[in-house]
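Participant: A structural model of the following input is requested.
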Amino acid sequence: MTTKTQTKKKRHVPHRSNRLPRGPHGGIELLLIQSVEDLGKQGDVVEVRTGYAHNYLLPQGLATVATEHHKRMVDKHRAKLQALEKMRQSGLRKQAAEIARQSVTIEANATDDGHLYGSVGATEIVSSLRKNNIQLTVEQIRLEGPLKELGLYTVKFRLSSEVEGELKVWVVPAVGEATQG
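Facilitator: This next block holds a predicted model:
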């Protein structure tokens with residue numbers, strides 16, 4: 001039998017959100033481990049609502065607590081990341097210049113007037129580039145619309161958000177389609 005004097009005292013444990021650093025606007029301050037769309041880039045210190053921090057960013061491993069130690073480590077590491085990104089962009093610029101020197105010839109069935117039976121799109125351009133050992137994806141080709149006539153076209157491509165280029169594409173009649181004069 002317990003008496004009132006023998007009741008256990010409960011230790012007060014603060015709510016878990018109270019343990020995380022608060023930002024100037026009352027949200028949770030986190031350091032992004034990975035870039036999160038519409039929030040920030042890797043290494044940014046962001047302020048988010050408690051639920052977003054606990055239910056998404058922290059469990060997914062996208063962010064960590066923004067302690068002074070973590071901030072100092074990111075500042076030191078950021079210079080290395082910027083140097084690596086500069087080298088990557090430089091390599092992409094060289095690749096874009098190499099691709100821009102190329103011209104691609106695509107054979108297509110066409111009428112006597114030069115109108116194609118169908119069209120030439122990014123998929124055909126990418127497959128022709130692969131024959132020249134140039135690896136681009138369909139998403140990297142920027143067409144304003146499918147090519148529907150024979151002729152020479154200047155097609156834009158994008159290797160990254162900062163590196164773009166242009167490529168010459170010849171659309172010619174398929175072998176055996178050429179009119180004989």
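Participant: how's this protein carved up into domains?
Facilitator: 16-91, 96-173 (automatic domain parsing).
Participant: those domains: lowest mean pLDDT?
Facilitator: Lowest mean pLDDT within these: domain 16-91, a mean of 84.
Participant: longest strand in this structure, by residue count?
Facilitator: Longest among the strand segments of the chain by residue count, using DSSP state E, is strand 164-173.
Participant: buried set for that one?
Facilitator: Across strand 164-173, burial judged by 16 or more other Cβ atoms under 10 Å covers E164, G165, L167, V169, V171, P173. For the C-beta atoms, the positions are set from N, CA and C on the backbone; glycine is no exception.
Participant: tell me the contacts of R93?
Facilitator: Residues in contact with R93 (Cβ atoms under 8 Å, 6 or more residues apart in numbering) are V163.
Participant: I should have written L147 there, sorry.
Facilitator: Going by Cβ under 8 Å, 6+ apart, the list of residues near L147 reads L116, S119, V120, G121, Y153, V169, V171.
Participant: wouldn't L152 be in contact with I106 here?
Facilitator: No. Counting by Cβ atoms under 8 Å, L152 does not reach I106; the two are 11.2 Å apart.
Participant: what touches both of these two?
Facilitator: Common neighbours of L152 and I106 (Cβ under 8 Å, 6+ apart) are V169, W170, V171.
Participant: of those residues, closest to V138?
Facilitator: V169 (14.2 Å; Cβ to Cβ).
Participant: just give me the neighbour total for the spatially closest residue to I141 that is not a sequence neighbour.
Facilitator: Distance criterion Cβ to Cβ, 6 or more residues apart in numbering; nearest residue to I141, sequence neighbours excluded, is A122 at 3.9 Å. By the criterion of other Cβ atoms under 10 Å, A122 has 19 neighbours.
Participant: now do the contacts for A122.
Facilitator: A122 is in contact with V138, I141, L143, counting by Cβ under 8 Å, 6+ apart.
Participant: any idea how far L81 is from it?
Facilitator: The gap separating A122 from L81 is 32 Å, by Cβ to Cβ, to the nearest Å.
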